[in-house]
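Engineer: Got a sequence here, can you model it:
(one chain, ligands or ions: 2)
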Amino acid sequence: MSTRKPTRLAPIALAAIATAVALSGCAHQKSPADEVYVKPGDHDTTYAFLSGGHSGQVWVYGIPSGRLLNVIPVFSNYPKTGYGFDEDSKKLMGAYAWGDAHHPALSKTDGDYDGRWLFINDMAHARLARINLSSFQTEEIYGSIPNISALHAGPFISNDSEYAFAASRFSVPVPNRYEPIDSYKKTFDGMLAAIRIEPKTGHMKAAFEVKMPPMDFDLASAGKGPSDGWEFFTAYNTELAHTNLEVAASQHQQDFITAFNWKAAEKAVAAGHGTMVNGVRVLDPTQEPGIVYLLATSKSPHGVDVSPDGKWVVGAGKLAPIAVVHGWDNITKAIASKDFDGTWQGIPVLRYKSTVAAEVPVGLGPLHTQFDDKGYAYTSLFVDSAITKWQLGTWKVIDKLPVTYNIGHLNVEGGNTVHPVGHYMLALNKMTKDRFLGTGPDYPTNAQLIDISGEKMRLLQDFPTMGEPHYGEMIPAEKIKPLEIYDLKANHAAGAIHAQSEAGVTRNGQLVDVKLATIRTHFAPDNIEVREGDTVTFHVTNLEQDANVAHGFAIDDSNIDIEIAPGETKTVVWKADKAGIFPFYCSNFCSALHQEMQGYIAVKPAH
Ligand code: RUQ
Ligand code: CUA
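Structural biologist: Residues are numbered from 1 along each chain as shown. Ligands and ions are numbered 1, 2, ... in the order given. Reported below is the predicted structural model:
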C-alpha cells in the first residue's frame, strides 16, 4: 500500500509560513483554488461521510478536493458492488428495499473518533446500520428497534461507544396497537432508546428505553467531560398535536430539551425497574426520579449540540432567532437544589432563568451548531441561508457567512468529539438552484467547504451531493486504515474455496451447488450443465490476492450481478426455470482479457 504525503501542512509549517508572510509584509494568502487542489496522485487529508438521505446510501468524499471517492450501499441495493443481490446482503437489508439515512455517526474511544465504525439511522423503519471502516462495507443492520417509531433522532454515540442513542420522531401507542388518533395525548407514547454497542464486535442491541410524553423527538447530542453520562434530546410539539402540525405544533413559545441521565437509567435497569415491552425494559420517568429532566428551550427546536468541553448545551429553536445555551454547571445546581419550574407531564422542568447561560442572537432559522478547537461555535441558519460564528463564554457574534442555499446541518472535522480539528467545515445545503449545470428537474444538493482556521470563515468551494445528506462526519484520513484485500486463507465463508482445484459442481436432488473460482482471466468451471427446475447456488470466490482486482459475476437474462473483492466469497441463488443456454460474464473490468472472462450455463429440458 502506498503512503503518500498528505497535502495538509503541519501546524509548525503553517506557523513558519505565517511568520515569513508577516516578516515580508506580504498579506498574501493561498487562494481557495490552491487550498482545495489536490494534485494528481496526491491524497486528500480528510474523509467526509455524507448520508444519502432516502437514497439509503453513504457517500464518501475526499476533503479538501470534494472528490467523490465511493458510495457505500446501506439500506438500498447497489448493482455496482452487488449489494442487495447476493444472499448475505439481501439478508442484511431484510424486508425493505430502501431506507431514509440521516445521521452518520463515527465510533469513539475516550471521546475521540477511533476510525472503527460508522453508524447511520434509517428513519423510516427505525433501524441502525453499522459500516466497518476497514472494509467500507455495511456489516450490520439492526432493527426495526422495538417500540421506536421513525428513528430520526439517532444514532448519537456516547464517548466510549457504549451506546447509540435514538428516539421516536412520530409517537405511536407503545406497544403498537389500534387507538383512535384523537386519543393521542393519552394513548400515544414518545420513546427514547439506548442501544448497546458490543465493544469488540460492534453488534447492536436495544438495552433499555424510556417512555416519554408524545412529543416529536428530533436530534440528540452526547454529554462530554463533566456532562458525560448524559444524553440531550430535542423535541418539538410540546403541544402534543396529532393533526395540522405546522400550526398546531408551533403554539408554545418554548419547547423542551430532554436531559437524560443514562448512567442513572442503567442502574435502575440493573435493579430490575421498569417493565418489559416487546423484549426491551422500558422505564417510566415519572416513577424514576433523577433520570430525566426538561430544559425549556426556544420555540420548535431542531438541533441540540454539546460543546467539546461538555460545559454548554446549545439548543436551536428554528422559530426563534437565537441559540439558547444552557450551562452544565447551572443544570447540575438546579437539579441539586430542585430549582424547578413545576413539572410537565410528571417530569420536572428546570427553571429556564437558572439553567440558561446565554441567548445568542445568531439569526433566522437556527438549526444546528458545531464547535472548533478554539472556543468558537458555528450555527447554521436555514432561513437566513448563512452560518453564524460566535464565541463560547463571551457569547459574542464574530462573523456571518452566507451559504448557497438554505443550509441544514453543518459539520466540523472531528465535530462530535472532545477534540474537533477546527480546519474544515462543511455546510450541507438543501438547495442548489443556480450553482451547477442543470440536470433536469431533479436537483442535487450542495456542499460548501469552509476554512474555519482564521477569524473569518472563508468559502473554499462547492461540490454537489446526492439524495440530501442530512448530516456528515469528517475524520482525519490517518485515523482510517482501509483494507486492501481479504485474506483468502482466513476466508471461511460458506462455499469458499482456496484454490481453483477445489472448484466444481455438486448435486443433491434438484439442488445444485457450484463452487466457482474467479481469477485472471477466467471462471472455473466455465461450462456448467444443469437441468430445468434446478435451484443453482453459486458460491463465487475471487482467488486473487492482489489489490484492486475485483471480478464480477453476472448471468444474462437474470437479476444476478455481484462484485467479488480479492479473497472474498459471495453467494447467489439462480433458478434454472427454462431450458436453454445462459451466458455469464465478469461485469467488473479486471484486466486486459476482461472481455474474455465469460462462461455458459446449459439448462437441459426436463422432458
Ligand atoms: S435533520 S437539517 Cu434529518 Cu438531522 Cu437537521
Ligand atoms: Cu474479471 Cu473482468
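
Engineer: Just the buried positions in the host helix or strand of Leu367, please.
Structural biologist: Leu367 is part of strand 366-371, with elements assigned from DSSP states H and E. For strand 366-371, the neighbour count (16 or more other CB atoms under 10 Å) marks Pro366, Leu367, His368, Thr369, Gln370, Phe371 as buried. All C-beta atoms are positioned from the backbone trio N, CA, C, and that covers glycine.

Engineer: just checking: which of these also lie near ligand 1?
Structural biologist: Near ligand 1, judged by CB under 6 Å from any ligand atom, the entries from the buried residues of strand 366-371 are Leu367, His368.

Engineer: Turn the buried residues of strand 366-371 into TSV, including pLDDT and distance to Leu133.
Structural biologist: Below are the buried residues of strand 366-371 laid out as TSV (pLDDT from 0 to 100; distance: CB to CB, whole Å):
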residue	pLDDT	distance to Leu133
Pro366	97	31
Leu367	97	27
His368	98	24
Thr369	98	26
Gln370	98	21
Phe371	98	23
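
Engineer: from the buried residues of strand 366-371, which is closest to Gly408?
Structural biologist: Leu367 (6.1 Å; CB to CB).

Engineer: does the closest one really touch Val403, like I thought?
Structural biologist: No: Leu367 sits out of contact with Val403 when judged by CB atoms under 8 Å, with a separation of 11.9 Å.

Engineer: Pull up the distance across stretch 97-108, start to finish.
Structural biologist: Distance between the two ends of stretch 97-108: 30 Å, counting by CA to CA, to the nearest Å.

Engineer: That stretch close to ligand 1?
Structural biologist: Yes: under the criterion of CB under 6 Å from any ligand atom, ligand 1 is reached by stretch 97-108 at His102, His103.

Engineer: Mind checking what secondary structure Val325 has?
Structural biologist: Classification of Val325 using DSSP: H, G, I helix; E, B strand; the rest coil returns strand.

Engineer: That one and Val306 touch, don't they?
Structural biologist: No: if you go by CB under 8 Å, Val325 and Val306 don't touch, sitting 10.7 Å apart.

Engineer: Residues in contact with both of the two, list them for me.
Structural biologist: Both Val325 and Val306 are contacted by Trp312, Val313, Val314, under the criterion CB atoms under 8 Å, 6 or more residues apart in numbering.

Engineer: Just give the closest residue to the first one, not the sequence neighbours.
Structural biologist: In this case it means Trp312. Nearest residue to Trp312, sequence neighbours excluded (CB to CB, 6 or more residues apart in numbering): Val325, at 5.2 Å.

Engineer: Likewise for the last one?
Structural biologist: Nearest-residue entry for Val314: Thr369, 4.6 Å, with adjacent residues in sequence omitted and distances by CB to CB, 6+ apart.

Engineer: Give me the helices and strands touching whichever strand in the chain runs longest, please.
Structural biologist: Taking DSSP state E as the criterion, the chain has its longest strand at strand 112-122. Under the contact definition 3 or more CB pairs under 8 Å, 6 or more residues apart in numbering; DSSP states H and E, strand 112-122 sits against strand 105-109, strand 127-132, strand 153-157, strand 472-476.

Engineer: can you rerun that using 6 Å?
Structural biologist: strand 105-109, strand 127-132, strand 153-157 (3 or more CB pairs under 6 Å, 6 or more residues apart in numbering; DSSP states H and E).

Engineer: Deepest-packed of the ones you listed, please.
Structural biologist: Ranked by average neighbour count under the criterion mean count of other CB atoms under 10 Å, the helices and strands packed on strand 112-122 are headed by strand 153-157 at a mean of 27.

Engineer: Give me the distance from that one to the chain's centre.
Structural biologist: Put simply, strand 153-157 sits 9 Å off its chain's centre (CA atoms, centre = their mean, to the nearest Å).

Engineer: what sits up against the next helix-or-strand element following it?
Structural biologist: As assigned by DSSP H and E, the chain's next helix or strand after strand 153-157 is strand 163-167. For strand 163-167, contacts defined as CB atoms under 6 Å, 6 or more residues apart in numbering pick out 119, 128, 151, 153-157, 192-197, 217, 220, 231, 233.

Engineer: Residue in the stretch 151-300 of the chain with the shortest distance to ligand 2?
Structural biologist: Going by CB to the nearest ligand atom, ligand 2 is nearest to Gly202 of the stretch 151-300 of the chain, at 31.8 Å.

Engineer: what's the pLDDT at Phe463?
Structural biologist: Listed pLDDT for Phe463 reads 97.

Engineer: doesn't it fall inside a helix?
Structural biologist: No: assessed with three-state DSSP, Phe463 is strand; it does not lie in a helix.

Engineer: which residues of this structure score low on pLDDT?
Structural biologist: 1-28 (pLDDT under 70).

Engineer: Helices along that one, start to end?
Structural biologist: Using DSSP state H, the helices found in the chain span residues 11-24, 32-36, 87-93, 184-187, 245-248, 262-270, 328-336, 352-355.

Engineer: In the third one, which residues are buried?
Structural biologist: Pointing back at helix 87-93 there. Buried residues in helix 87-93, counted by 16+ other CB under 10 Å: Glu87, Ser89, Leu92, Met93.
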